[in-house]
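[1] dropping the sequence and predicted coords here.
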Amino acid sequence: MTPIPVPSAGRDDPAAAADWQAGGFGVYVHWPFCLAKCPYCDFNSHVSREVDQDAWRRSLLSEMRAARELTGPRRARSMFFGGGTPSLMPPATVAALIEEADRLWGFEPDAEITLEANPTSIEAENFRGYASGGVNRVSMGAQALNDADLKKLGRMHTAAEARAAFDVARAAFARVSFDLIYARQDQTPAQWEAELAEALAMAIDHLSLYQLTIEAGTRFGDLHARGRLRGLPTDDRAAEMYEITQGLTEAAGLPAYEISNHARPGAESRHNLVYWRYGDYAGVGPGAHGRITTPEARLATETRRAPTAWLSQVAAQGHDLKTAPVAPDEQAIEYLMMCLRLVEGADLARYARLAGAPIAEARIAGLEAEGLVVRDGDRLRATARGRALLDAVLAALLA
């Protein structure tokens, strides 16, 4: 295996070297293949008729071992299979990757191991295989609960199939989350309210509720640029749906703990909390990003996005991990951008330690006066209104 160059930032600060521990450590594995490309999706996903499953299993295992060389010994709080559609992976491959992660790092007690799934790829037998291999949480991409909107979103499943898939997942796993997209084409606030009420009646302990965003480089992005994506809500209507989302989930006992994520207390996604609390994570697979702290520096890692190019590179050198140091001021910015997404907010002392200086009091006071943030000792939290306007809040804090 070709060694991974480890750049140095010349750091000799033990507190900086241990900063990641405030968020913990997780492992992310990217499976890039899907049955079809959704028109709104800008994730690294690809449609392929043939996948050499043995070659992919070997390569993912190899890159995971290379990541372990960077991290050194530590315990993993979580492992997450994302994509793409990881529920297209053979259960034996998932089990092998979990087993190897446990051998390389070892899992913390009650570690969370999540697999993303689409309703079109859910089979009861495979789900039993994932569960026996170590997966203990599933995140389902339902996206809508009516057929007309599923068709607009380019989804391949029906609403009935989504509900049936949820029942299969619930029978196999104690923890099941599912995603919905709102502010869709021609959707009214009343329609979203009814759909969300149905989703809350189904939900076990976690929901991810995303406002539709139009991303450059997607099919929707192309149509929007040409004025051909009709029926998108106004900003005011989208804001009304956001308010409906907050009110209904709060009343149902699944309040927001992050801008788009809602959970019963204790059921928050532990893996995503590693990101949002600015912990370390190893990113494995094509297009995967990571943050890994070494004695010399905090490193950003990345791999090439194209699956065939990634696979060829791993076959040649055992991994495709590229590293670059993250400067302390960049770390502070990243920390604030991630932590203010959370209801719990950010630790101002941690920010100051990373940045080398605190946030100017006048900036915080101005946002407090506008009702966008609140301060409680050393913690700074965005209010519900502030989280809805987080880009503006961050711009004011970091100006």
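    It's in.

[2] let me see the domain layout of the protein.
    Domain assignment for the chain by automatic domain parsing gives 14-276, 344-399.

[3] just the terminal-to-terminal distance for the last one.
    This stretch, domain 344-399, spans 23 Å end to end (CA to CA, to the nearest Å).

[4] for the domains of the chain, which one ends up most surrounded?
    Each of the domains of the chain was scored by mean neighbour count; the highest is domain 14-276, a mean of 18, by mean count of other CB atoms under 10 Å. Quick note: C-beta positions are derived from backbone N, CA and C, even for glycine.

[5] tell me the pLDDT at the nearest residue to Ser62 once chain neighbours are set aside?
    Using CB to CB, 6 or more residues apart in numbering and skipping residues adjacent in sequence, the residue nearest Ser62 is Gly318, 5.0 Å away. pLDDT recorded at Gly318 is 96.

[6] got it, and Leu97?
    Leu97 carries a pLDDT value of 98.

[7] cool, the one 10 residues further on as well?
    Looking at Phe107, its pLDDT is 98.

[8] same thing with the one 3 residues further on?
    As summarised for this prediction, Asp110 has a pLDDT of 94.

[9] per-residue confidence at Thr71?
    On the pLDDT scale, Thr71 is placed at 97.

[10] from Glu112, how far off is it?
    Look at Thr71 and Glu112: by CB to CB, to the nearest Å, they are 18 Å apart.

[11] which helix is the longest one in this structure?
    Criterion DSSP state H: the longest helix present in the chain is helix 53-71.

[12] helices and strands around the helix or strand just after that helix, which ones?
    Where DSSP states H and E defines the elements, the next helix or strand beyond helix 53-71 is strand 76-83. The contact analysis (3 or more CB pairs under 8 Å, 6 or more residues apart in numbering; DSSP states H and E) places strand 76-83 against strand 25-31, helix 91-104, strand 107-117, helix 270-276.

[13] can you give the distance from strand 76-83 to the centre of its chain?
    9 Å (CA atoms, centre = their mean, to the nearest Å).

[14] got the angle for it vs strand 25-31?
    Between strand 76-83 and strand 25-31, the angle comes out at 20 degrees (axes from the mean of the first three to the mean of the last three CA atoms, to 10 degrees).

[15] strand 76-83: partners in the sheet, and parallel or antiparallel?
    The pairing partners recorded for strand 76-83 under DSSP bridges are strand 25-31 (parallel), strand 107-117 (parallel).

[16] including distance to Glu344, could those strands go into TSV?
    Shown next, in TSV, are the strands paired with strand 76-83 (distance: least, CB to CB, whole Å):
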stretch	distance to Glu344
strand 25-31	18
strand 107-117	18
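
[17] sorry, back to before: any chance of JSON lines for the domains of the chain, columns distance to Pro5?
    Formatted as JSON lines, the domains of the chain follow (distance: least, CB to CB, whole Å):
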{"stretch": "domain 14-276", "distance to Pro5": "10"}
{"stretch": "domain 344-399", "distance to Pro5": "24"}
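
[18] tell me which element Ala169 falls in.
    Ala169 belongs to helix 159-172 when assigned by DSSP H and E.

[19] elements contacting that helix?
    Using 3+ CB pairs under 8 Å, 6+ apart, the elements in contact with helix 159-172 are helix 124-133, strand 137-143, helix 147-152, strand 175-182.
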